[in-house]
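# need a structure here:
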Amino acid sequence: MNDALVIIPTYNERENISLIIEAVCALPEKIDLLIVDDNSPDGTAEIVENKVASSPNDRKIQLIKREGKLGLGTAYIEGFKFALDQGYTYIFEMDADFSHDPEDLIRLYHTCKKDGYDLAVGSRYISGVNVVNWPLSRVIISMGASLYVRIITGMRVRDSTAGFVCYRREVLESIELDEIRFIGYAFQIEMKYLAKMFGFKIKEVPIIFKDRVRGESKMSISIFKEAFFGVISLRIAALFNRLPRRESNQSESLV
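Take a look at the predicted model:
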């Protein structure tokens, strides 16, 4: 079995999903795939099922079909549990729309496997502003959000809402996944904050982020509000030692 799994959540990604699967399967590193589909009405899951049936011998393509649009965070939580149950050591998050370059999976993988980091973050802002095809207003909002997170939490990660990451399994094993509260971009902040608070080593790896060409963005005002207020609640939870950690590790100080 391969030691790495990339989790790709989907909702109405029929224009991208076949291409992204093929791109990951073409990488020189053997990385398995798990697609978590939220009952896409455009037939995304059916396309993935055809890919599963023709998986290459040296890597697996797997599919979890869910009953409805349940949110990004819950899709990743389901994927994390699957990855841990199956024994994967390195677990990735990645979007289906090619805003994350599949080639960069290898750099994240080596950052954890060869360089010894626990969490590798594909960062848009660690070496300037590496975003393509975003309007200036969206760049300012995104960078402002990351600055806000750093101020409130003290976390040094410059791209806290990044959704292109690699975890060592020990990070996910340390977290009580069923108690993760957020489902949108606040989920990305929460996971990085927990890794930081639990003492794991985080490394930001510079990437170039490209806005999607095919399909529609899933951003909404409710997701933005969740992230804004969620950061404050995370800091309060940390102050009162109420972060979602596995019981076996609860005795260690979190602040």
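# Run the chain-centre distance for stretch 191-206.
Put simply, stretch 191-206 sits 13 Å off its chain's centre (Cα atoms, centre = their mean, to the nearest Å).
# Going forward, count from 34.
Noted, 34 is the first residue going forward, which turns the last one into stretch 224-239.
# Need the CA coordinates for that stretch. PDB is fine.
Taking Å, rounded to 0.1, in the frame of the first residue of the first chain, the C-alpha atoms of stretch 224-239 are listed here in PDB:
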ATOM      1  CA  MET A 224      -6.900  22.600  12.100                       C
ATOM      2  CA  LYS A 225      -3.700  24.600  11.800                       C
ATOM      3  CA  TYR A 226      -4.300  26.300  15.200                       C
ATOM      4  CA  LEU A 227      -4.800  22.900  16.900                       C
ATOM      5  CA  ALA A 228      -1.600  21.600  15.300                       C
ATOM      6  CA  LYS A 229       0.300  24.600  16.600                       C
ATOM      7  CA  MET A 230      -1.200  24.400  20.100                       C
ATOM      8  CA  PHE A 231      -0.400  20.700  20.300                       C
ATOM      9  CA  GLY A 232       3.200  21.400  19.600                       C
ATOM     10  CA  PHE A 233       3.500  20.000  16.000                       C
ATOM     11  CA  LYS A 234       6.000  21.500  13.600                       C
ATOM     12  CA  ILE A 235       4.500  23.500  10.800                       C
ATOM     13  CA  LYS A 236       6.200  24.600   7.600                       C
ATOM     14  CA  GLU A 237       4.800  26.900   4.900                       C
ATOM     15  CA  VAL A 238       5.800  25.900   1.400                       C
ATOM     16  CA  PRO A 239       5.400  28.700  -1.300                       C
END
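# By neighbour count, which bits of it are buried? Give me those.
With burial defined by 16 or more other Cβ atoms under 10 Å, the residues of stretch 224-239 counted as buried are 224-231, 233-239. The way it works is simple: take the backbone N, C-alpha and C, and place the C-beta from them, glycine included.
# Which pLDDT value goes with the most centrally placed residue in the chain?
Among the residues of the chain, the smallest C-alpha distance to the mean C-alpha position (Cα atoms, centre = their mean) belongs to residue 126, namely 3.3 Å. Among the per-residue scores, residue 126 shows a pLDDT of 98.
# How about residue 43?
97.
# ok, now residue 61?
pLDDT, read off for residue 61, is 95.
# likewise residue 174?
At residue 174, the pLDDT value in this model is 84.
# how many neighbours does it have?
12 (other Cβ atoms under 10 Å).
# Look up how far residue 269 lies from the residue nearest to the centre of the chain.
Residue 126 sits at a distance of 26 Å from residue 269 (criterion: Cβ to Cβ, to the nearest Å).
# just residue 235 next, same as before
In terms of Cβ to Cβ, residue 235 sits 22 Å off from residue 269.
# again, but for residue 199
According to Cβ to Cβ, residue 199 and residue 269 sit 29 Å apart.
# So for the two, which residue has more residues nearby?
With neighbours defined as other Cβ under 10 Å, residue 199 and residue 269 compare such that residue 199 has more, 29 against 11.
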